[in-house]
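Student: next input, structure requested:
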Amino acid sequence: MKIEEKYELVLKAYQNAYAKYSLFQVGALVILKNGQYYLGSNIENASYGLTNCAERSALFATYSNGYRKNDIAELVLIGKSQNYLYPCGACRQVICELMEKDATITLFKLNKEYKVIKVSELLPNLFDERELNAN
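Tutor: Below you'll find the model as predicted:
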């Protein structure tokens, strides 16, 4: 998928956000290796703890449709931010669980500037299934 198409799709997710309380919209796009994709938007709630981030919305939609980490090529994010918008801590944990460590994450600014990182850069010293199975 070309960078322009990624931008347009993730911008659509951004515009679909329901950010009534924070007014901080975020859009996410999961691109599968087979070319399919899923959009995710942050969806807020008056009971803030029930809010769901765009990253988790997109990844949960992907998994809900039967795909798994080895099917995912890339996660693309966008939000209004002075710098590149990185995922929150909860989303970093979910991303590290549901995506391969060498998968790509593209971070867009609204002005179309972008930066590419790997999942492994998000959460050093990750708590994962290895810790659950420690002796």
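Student: residue closest to the middle of this protein?
Tutor: Among the residues of the chain, the one closest to the centroid is residue 55, at 3.0 Å (CA atoms, centre = their mean).
Student: and the closest residue to it other than its chain neighbours, how many neighbours?
Tutor: Nearest residue to residue 55, sequence neighbours excluded (CB to CB, 6 or more residues apart in numbering): residue 91, at 4.2 Å. Where you see a C-beta, it was placed from the backbone N, CA and C, and this is true even at glycine. As a burial measure, residue 91 scores 24 neighbours (other CB atoms under 10 Å).
Student: for the residue lying farthest from the centre of the chain, give its distance to residue 125.
Tutor: Computed with CA atoms, centre = their mean, the residue of the chain farthest from its C-alpha average is residue 135, at 32.7 Å. As for residue 135, its distance to residue 125 is 19 Å (criterion: CB to CB, to the nearest Å).
Student: same thing with residue 91?
Tutor: Distance, residue 91 to residue 125, using CB to CB: 17 Å.
Student: what do you get for residue 34?
Tutor: 33 Å.
Student: which of the two has more neighbours?
Tutor: Neighbours per residue, other CB under 10 Å: of residue 34 and residue 125, the larger number sits with residue 34, 9 against 4.
Student: helix, strand, or coil at that one?
Tutor: Judged by DSSP: H, G, I helix; E, B strand; the rest coil, the three-state class of residue 34 is coil.
Student: and the nearest residue in space to it that is not next to it in sequence, how many neighbours?
Tutor: Leaving aside its chain neighbours, residue 34 sits nearest to residue 71 (7.2 Å; criterion: CB to CB, 6+ apart). Residues within reach of residue 71, counting by other CB under 10 Å, total 17.
Student: ramachandran coordinates for residue 71?
Tutor: phi -90, psi -20 (degrees, to the nearest 10).
Student: so it is in contact with residue 33, correct?
Tutor: Yes: counting by CB atoms under 8 Å, residue 33 is a contact partner of residue 71 at 5.9 Å.
Student: quick one: the helices in this protein?
Tutor: For the chain, helices defined by DSSP state H occupy the ranges 3-15, 54-64, 89-98, 129-132.
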